[in-house]
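>>> missing the sequence, but the structure's below:
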């Protein structure tokens, strides 16, 4: 198991016990300290000399709140220790558990809270428990700080985590019980801190304040020089809260239930919640990060599946056209030969078309690959009128089969465009094929108009218009979406591929109704400024 320690050490950089604080978090910590100080001292300065009535239910409420917050903080730190297996986290978790354990005898011994003279102990018990409570936590912080730099190989093994937590809880409970018993049974030999139920002895600053001040200051100094993480930063905030609570305890009134005494208890409750809030924030942030990672992984998986479907559909869609043309040409060539007097010229022409379509099938496959990986090296200067002529030549068989009249309106003196010949030819063939399919189910007239014209002085616009049934207005917004089709045997990839190709060439492809019947697909291409304008 020790061999796994380095991986844990690497993972710990994602938790608050190791993450360095951001400048914003440092400003937040400073703001908390200054806010507590200003609020506490303002209340003490304005209302500090007022002796209020004894509200014993307040003691029960605030100690219960502190017990709950310290206990939950300890549980969360133990949970973090079970993951990181760091001795330092185990020590600070024990510190919070120690304070929670001491709160129990404190509230039991406090006069008039559960019984007139307290359930256990005597007059001095609660004062000594308060002293041990506020001196013990800084000692645990010092132990935490000195344990942070242990070697990864010295971390607890995975199988030792449960026993380490149980030992920590047992030792902490035994220590708290022994100290509580000392405060309950040993009041006769310990110096007095309380004159009566309400008033402190004049020596209170030396007996109580001085030890707390010394230990908290020492812990703060040690933590300051070894601070590295967000947890370190907010433990310093807790220690600062311990320090700023000391003066209002005895000045200007050295007695319980004064305004300063109440204000200090509220401040203690707030300070005990600081690390708990930080840990809850960590849990929320980690949960949010986990949820985002799961959703991102799911989207990536769906995207991979969609991409795989798109590639398969693209190949099937685009290769189907030249294969169909090859079969048609082969059938025609066979008929020309299977005559009493074979027509060799027609057969040769059919076989040439088969060879041309075979080469086009290879070009189509390479073009599909290029759709998913742009390569500028395959782009050359092209004459769009030549592209239109080649596309119409390749589709001549289907155009004649469906008795479609072709009208080519190519403008002269157009600038050349820079692009991938096979991809742009694929776009034209796809648009022409869609026009043929749209008009095949209609009676005459069947008219295909392919036009090229100048666009914005240095560009070219190509239009493919048909007189077919047109596209429903409710489908116009989705016609370019992948896997959307209006054909019964369509795959929904042709137009999405066409748009992707045109946009990769820094152009734009759109569709509009043809008046009075049919559809017009238009796309633009940027002119190649380095190429001369052809006549």
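Perfect, thanks for sending it. As the structure is a prediction and not an experimental result, all values here were calculated from the model. Residues are numbered from 1 along each chain as shown.
>>> in the stretch 151-300 of the chain, which ranges drop under the pLDDT threshold?
151-153, 299-300 (pLDDT under 70).
>>> quick one: average pLDDT of stretch 359-371?
Mean pLDDT, computed over stretch 359-371, is 64.
>>> Make 21 the starting number, not 1.
With the count now opening at 21, the last piece we talked about shows up as stretch 379-391.
>>> what's the helix or strand for the residue positioned nearest the centre of the chain?
Closest to where the C-alpha atoms of the chain average out (C-alpha atoms, centre = their mean) is residue 312, at 4.4 Å. Per DSSP states H and E, residue 312 falls inside helix 294-357.
>>> what about stretch 123-143, distance to the chain center?
51 Å (C-alpha atoms, centre = their mean, to the nearest Å).
>>> Buried residues of that stretch, list them for me.
Using 16 or more other C-beta atoms under 10 Å as the test for burial, stretch 123-143 gives 123, 125-131, 133, 138, 140-143. Every C-beta, even on glycine, is put in place using the N, C-alpha and C of the backbone.
>>> next one: stretch 483-498
Using 16+ other C-beta under 10 Å as the burial criterion, the residues of stretch 483-498 that qualify are 483, 484, 485, 486, 487, 488, 490, 491.
>>> wouldn't the fourth one be in contact with residue 470 here?
If I follow you right, that is residue 486. No - under the criterion of C-beta atoms under 8 Å, residue 486 makes no contact with residue 470, lying 9.9 Å away.
>>> ranges for the strands of the stretch 121-270 of the chain?
In the stretch 121-270 of the chain, no segments count as strands under DSSP state E, counting those that start in this stretch.
>>> and if you look at the stretch 321-470 of the chain?
Counting by DSSP E, counting those that start in this stretch, the strands of the stretch 321-470 of the chain are 400-402, 425-430, 437-439, 467-475.
>>> who does the first one pair up with?
The reference is to strand 400-402. The pairing partners recorded for strand 400-402 under DSSP bridges are strand 437-439 (antiparallel).
>>> Please tell me how far residue 312 sits from residue 306.
Separation of residue 312 from residue 306 (C-beta to C-beta, to the nearest Å): 11 Å.
>>> oh sorry, the question was meant for residue 92
As for residue 92, its distance to residue 306 is 17 Å (criterion: C-beta to C-beta).
>>> Just want to know which of the two has more residues nearby.
Taking other C-beta atoms under 10 Å, residue 92 and residue 306 do not tie; residue 92 has more neighbours (16 against 13).
>>> Surely the more buried one is in contact with residue 295?
No - Residue 92 sits out of contact with residue 295 when judged by C-beta under 8 Å, with a separation of 10.1 Å.
>>> Mutual contacts of those two, please.
Residues touching both residue 92 and residue 295 (C-beta atoms under 8 Å, 6 or more residues apart in numbering): there are none.
>>> contacting residues for residue 96?
Residue 96 neighbours (C-beta under 8 Å, 6+ apart): 296, 299, 300, 303.
>>> Look up which helix or strand the closest residue in space to the second one that isn't next to it in sequence falls in, please.
By that I understand residue 299. For residue 299, ignoring the flanking residues on the chain, the nearest one in space by C-beta to C-beta, 6 or more residues apart in numbering is residue 96 at 4.5 Å. Element membership of residue 96 [criterion: DSSP H and E] is helix 76-104.
>>> What's the separation between residue 270 and residue 362?
For residue 270 relative to residue 362 (C-beta to C-beta), the value is 121 Å.
>>> what about those two, which has more around it?
Using other C-beta under 10 Å as the criterion, residue 270 and residue 362 rank with residue 270 on top: 18 against 12.
>>> Could you find the closest non-adjacent residue to the more buried one?
Spatially, and ignoring its direct neighbours in sequence, residue 270 is nearest to residue 224 (5.3 Å; C-beta to C-beta, 6+ apart).
>>> Distance-wise, check residue 536 relative to residue 231.
Distance, residue 536 to residue 231, by C-beta to C-beta: 98 Å.
>>> If you could redo that for residue 466, that was the one I meant.
Residue 466 is 102 Å from residue 231, by C-beta to C-beta.
>>> Comparing these two, which shows the higher neighbour count?
The neighbour comparison of residue 466 against residue 231 (other C-beta under 10 Å) goes to residue 466, with 21 against 15.
>>> quick one: that one and residue 421 touch, right?
No - with contact defined as C-beta under 8 Å, residue 466 does not count as touching residue 421 (11.3 Å).
>>> contacting residues for residue 402?
Residues near residue 402 by C-beta under 8 Å, 6+ apart: 436, 437, 438, 439, 441, 444.
>>> Can you check the pLDDT for the fifth one?
In other words, residue 441. Reported pLDDT for residue 441: 85.
>>> same question, the first one
What the model reports as pLDDT for residue 436 is 90.
>>> Next, count neighbours for it.
Using other C-beta under 10 Å, residue 436 has 21 other residues around it.
>>> where's it relative to residue 401, distance?
Distance from residue 436 to residue 401, by C-beta to C-beta: 4 Å.
>>> what's the burial count for residue 300?
Counted with other C-beta under 10 Å, residue 300 comes out at 14.
>>> ugh, typo on my part, it should be residue 238
Applying other C-beta under 10 Å, I find that residue 238 has 15 neighbouring residues.
>>> Show the contacting residues for the residue nearest to residue 235 when sequence neighbours are not counted.
For residue 235, ignoring the flanking residues on the chain, the nearest one in space by C-beta to C-beta, 6+ apart is residue 158 at 4.1 Å. Residues near residue 158 by C-beta under 8 Å, 6+ apart: 232, 235, 236, 238, 239, 259, 262.
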